[in-house]
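Colleague: Structure here, sequence nowhere to be found:
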């Protein structure tokens with residue numbers, strides 16, 4: 001049985017990464033040219049890793065299912081990226097960023113990994129500035145910072161409301177340079193279908209050319225998975241519609257443990273659901289909480305009148321407004337962490353104070369900030385976000401408060417990795433949102449971009465080299481190897497099985513139904529009864545899917561329905577694991593809120609005696625998983641109840 005070994009270096013927390021780099025094994029330039037690395041995913045983690053490894057001299061193949069690496073979902077990130085530069089001179093430091101991240105994750109992340117993340121954060125900003133990323137600047141020319149949730153300092157660097165896009169363009173430029181030089185080969189419109197394991201080591205992948213439908217075999221001395229999170233298991237989320245969990249689920253079935261799958265993030269500032277025919281939700285950046293104030297009517301009759309279209313937000317007097325985050329959390333106000341803000345909004349709506357036609361919305365109001373700073377300042381900071389909101393909702397947010405409601409946004413869980421970002425499969429590395437390592441039970445805003453670029457630019461180039469130093473005598477393997485043949489055959493049989501069902505219901509029908517089950521039972525509020533119900537419903541839905549899904553076309557051609565069906569089949573298994581994990585964790589922490597375990601004030605009630613561990617699940621067979629535990633030990637952090645009051 002596989003045992004967990006996190007490979008955390010010995011010694012002081014503050015010296016672990018330095019000591020690791022000082023003593024790691026290296027690969028000389030001539031040997032690098034003999035080694036092949038496969039990178040799956042071209043978001044910030046994948047693009048930066050491939051560009052860095054190509055620059056170092058390795059031979060890299062990089063795969064994305066989109067037509068261009070620039071369409072990776074990292075492009076959708078809006079608000080910013082954290083770093084401990086302390087430019088505003090407001091008391092920030094590497095340690096404070098580390099502490100805020102551990103605390104924000106409700107003490108469910110690995111201390112050594114989080115400190116390393118904080119330690120390399122400043123180098124990310126230098127790297128991106130050198131690439132020409134147009135970060136916002138103060139009048140004097142220095143880089144500007146703003147605040148994000150869970151911190152009392154301003155440490156977030158930003159490019160208006162499109163930071164992810166600008167960072168991805170920087171990484172894409174670095175990647176394109178290596179493609180031009182020939183160290184990296186790009187395979188766009190290709191989707192990874194399975195991993196190939198030979199003698200216990202990752203040695204390649206099976207990929208599908210999405211245009212022709214042809215299956216391809218690709219060898220690598222090491223494989224890096226950087227395919228993002230699995231939030232689309234809920235159907236409606238802020239993720240791109242193509243974002244999926246399939247690469248993670250494929251390696252899970254091959255032996256890579258899945259850690260903390262129930263840790264999903266609900267983002268508090270999203271445009272509310274408008275109807276039954278939506279295919280995704282739209283994020284309104286957390287940065288808006290710097291200048292926007294969140295409120296609901298203080299009187300239920302005012303909330304009801306608003307829901308019925310009889311009372312507008314601007315007609316509710318100031319004394320009849322409840323700025324509930326400022327009331328409940330005076331020390332942090334509207335900038336409490338995402339899980340805290342989301343639950344507070346849900347509580348107000350559940351209590352009958354929600355607004356909008358559905359009652360599932362709260363107001364995000366900029367009137368005070370516009371009066372204090374002027375409309376031109378707000379427009380400079382958030383103009384593209386305000387424009388996007390107006391296009392979707394057909395209401396001017398400069399004149400009327402925005403309406404927002406929590407929605408699925410990010411997944412803190414992911415493939416279990418050690419300190420080197422290697423999974424329980426030797427030679428298989430996992431980077432960015434696809435792994436579990438840095439955010440515990442709740443990610444702080446502006447830390448996803450930080451982790452993706454930290455893993456790609458500043459961690460993997462060291463750790464993967466340390467591993468590959470032992471592979472320099474391994475010759476490139478033929479893809480005629482029986483392991484490649486068996487993996488390809490298994491993929492082909494699965495695709496043919498999906499086509500052969502010949503049922504009557506669309507893939508989207510099953511995906512929507514799964515999303516409804518997940519949101520109602522494994523969403524913001526969870527109970528033992530609802531989680532058990534979810535498991536039962538998912539099992540029945542999965543059985544129905546394999547009996548009655550309708551997929552037109554053939555496997556050996558462009559077939560979007562087949563692509564979706566393959567991904568939804570994986571979601572139908574992953575959803576069950578998420579419910580099992582949530583059922584196992586009899587506590588509330590971060591984004592995992594078991595309603596049976598809460599304080600008198602409605603806050604998370606952790607159980608550090610029994611659940612201060614990483615839950616790493618091993619795949620046994622469909623619907624059967626084995627739990628492994630990695631204890632979480634803290635050397636420099638005092639574990640205590642999170643307080644943002």
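Modeller: Structure's in. What do you need? Quantities reported herein were computed from a predicted structural model and do not represent experimental measurements.

Colleague: which residues are contacting stretch 451-463?
Modeller: The set of residues external to stretch 451-463 that reach it, using Cβ atoms under 8 Å, 6 or more residues apart in numbering, is 20-21, 24, 43-53, 56, 74, 81, 116-117, 120-121, 123-124, 127-128, 167, 171, 224, 226, 419-422, 429, 431-433, 435, 438-439. (C-beta placed from N, C-alpha, C; glycine too.)

Colleague: Now, of the residues you listed, which are buried?
Modeller: 20, 43-53, 56, 74, 81, 116-117, 120-121, 124, 127-128, 167, 171, 224, 226, 419-422, 429, 431-433, 435, 438-439 (16 or more other Cβ atoms under 10 Å).

Colleague: which residues of the chain score low on pLDDT?
Modeller: Across the chain, the ranges flagged by pLDDT under 70 are 1.

Colleague: For the stretch 151-300 of the chain, which segments are assigned as strands?
Modeller: Counting by DSSP state E, counting those that start in this stretch, the stretch 151-300 of the chain has strands at residues 156-157, 184-187, 190-198, 201-209, 215-219, 222-225, 258-259, 264-270, 293-297.

Colleague: same for the first one, what does it pack against?
Modeller: The helices and strands touching strand 156-157, judged by 3 or more Cβ pairs under 8 Å, 6 or more residues apart in numbering; DSSP states H and E, are strand 81-82.

Colleague: Quick one: list the elements packing against the strand it packs on.
Modeller: Checking 3+ Cβ pairs under 8 Å, 6+ apart, strand 81-82 ends up next to helix 111-131, strand 156-157, helix 448-453.

Colleague: among those, which is the most enclosed?
Modeller: Of all these, helix 448-453 has the most neighbours on average by mean count of other Cβ atoms under 10 Å, namely a mean of 29.

Colleague: And it, how far out from the chain middle?
Modeller: 10 Å (Cα atoms, centre = their mean, to the nearest Å).

Colleague: returning to that earlier point: would you reformat the helices and strands packed on strand 81-82 as a markdown table and include distance to residue 336?
Modeller: What follows is these, written out as a markdown table (distance: least, Cβ to Cβ, whole Å):
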| stretch | distance to residue 336 |
| --- | --- |
| helix 111-131 | 20 |
| strand 156-157 | 15 |
| helix 448-453 | 18 |
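
Colleague: coming back round to it: is it possible to get TSV of the strands of the stretch 151-300 of the chain that adds distance to residue 331?
Modeller: As requested, the strands of the stretch 151-300 of the chain are arranged in TSV below (distance: least, Cβ to Cβ, whole Å):
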stretch	distance to residue 331
strand 156-157	19
strand 184-187	47
strand 190-198	45
strand 201-209	47
strand 215-219	52
strand 222-225	39
strand 258-259	32
strand 264-270	18
strand 293-297	16
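
Colleague: The ones you listed: which one's closest to residue 364?
Modeller: Among the strands of the stretch 151-300 of the chain, the nearest to residue 364 by Cβ to Cβ is strand 293-297 (5.6 Å).

Colleague: In this structure residue 644 contacts residue 331, no?
Modeller: Yes. With contact defined as Cβ atoms under 8 Å, residue 644 reaches residue 331; the gap is 6.2 Å.

Colleague: if you count what's nearby, which of the two comes out ahead?
Modeller: Between residue 644 and residue 331, counted using other Cβ atoms under 10 Å, the more crowded position is residue 644 (21 against 10).

Colleague: Let me see the contact set for the closest residue to residue 183 other than its chain neighbours.
Modeller: Distances taken as Cβ to Cβ, 6 or more residues apart in numbering put residue 54 closest to residue 183, at 3.6 Å, once the chain neighbours are dropped. Contact analysis of residue 54 by Cβ under 8 Å, 6+ apart lists 60, 175, 178, 181, 183, 184.

Colleague: The helix or strand where residue 54 lies vs helix 111-131, what angle?
Modeller: If you go by DSSP states H and E, residue 54 is part of helix 44-56. Orientation check (axes from the mean of the first three to the mean of the last three Cα atoms, to 10 degrees): helix 44-56 against helix 111-131 gives 70 degrees.

Colleague: Now do the buried residues in stretch 492-504.
Modeller: 492, 495, 498, 499, 501.

Colleague: Relative to residue 253, how far out is the first one?
Modeller: Taking Cβ to Cβ, to the nearest Å as the criterion, residue 492 is separated from residue 253 by 16 Å.

Colleague: cool, the third one as well?
Modeller: Residue 498 is 16 Å from residue 253, where distance means Cβ to Cβ.

Colleague: And the second one, by the same measure?
Modeller: Taking Cβ to Cβ as the criterion, residue 495 is separated from residue 253 by 16 Å.

Colleague: Likewise for residue 273?
Modeller: Where residue 253 is concerned, residue 273 sits at a distance of 33 Å (Cβ to Cβ).

Colleague: Residue 23 now?
Modeller: On the measure of Cβ to Cβ, residue 23 and residue 253 end up 35 Å apart.

Colleague: domain parsing for this structure?
Modeller: Following the assignment in automatic domain parsing, the chain carries domains at 267-408, 482-631.

Colleague: Return the residues in contact with the nearest residue to residue 271 once chain neighbours are set aside.
Modeller: Of all residues not flanking residue 271 in the chain, residue 282 sits nearest, at 4.5 Å (Cβ to Cβ, 6+ apart). Residues near residue 282 by Cβ under 8 Å, 6+ apart: 238, 270, 271, 388, 392.

Colleague: Just give me the closest of these to residue 635.
Modeller: Checking the contacts of residue 282 against residue 635 with Cβ to Cβ, the nearest one is residue 238 at 35.5 Å.

Colleague: Just the buried residues of stretch 579-592, please?
Modeller: Buried residues in stretch 579-592, counted by 16+ other Cβ under 10 Å: 579, 580, 581, 582, 583, 585, 587, 588, 589, 590, 591, 592.

Colleague: again, but for stretch 193-207
Modeller: 193, 194, 195, 196, 197, 201, 202, 203, 204, 205, 206, 207.

Colleague: who touches that stretch?
Modeller: Here stretch 193-207 has contacts from 38, 40, 63, 187, 190-192, 208, 215-223, 246, 250-251, 254-255, 425-428, 477, 479, 481, 483-484, 487-488, 490-491, 566, using Cβ under 8 Å, 6+ apart.

Colleague: Emit the PyMOL select command for whichever of the residues you listed are buried.
Modeller: With 16+ other Cβ under 10 Å as the criterion, this PyMOL line picks the buried residues out of the contacts of stretch 193-207:
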select buried, resi 38+40+63+187+190+191+192+208+215+216+217+218+219+220+221+222+223+246+250+251+254+255+425+427+428+477+479+481+483+484+487+488+491+566
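
Colleague: Helix, strand, or coil at residue 440?
Modeller: Classification of residue 440 by DSSP: H, G, I helix; E, B strand; the rest coil places it in coil.

Colleague: Would you mind measuring from it to residue 292?
Modeller: Distance of residue 440 to residue 292, computed by Cβ to Cβ: 27 Å.

Colleague: The two: who's more crowded?
Modeller: Taking other Cβ under 10 Å, residue 440 and residue 292 do not tie; residue 440 has more neighbours (27 against 24).
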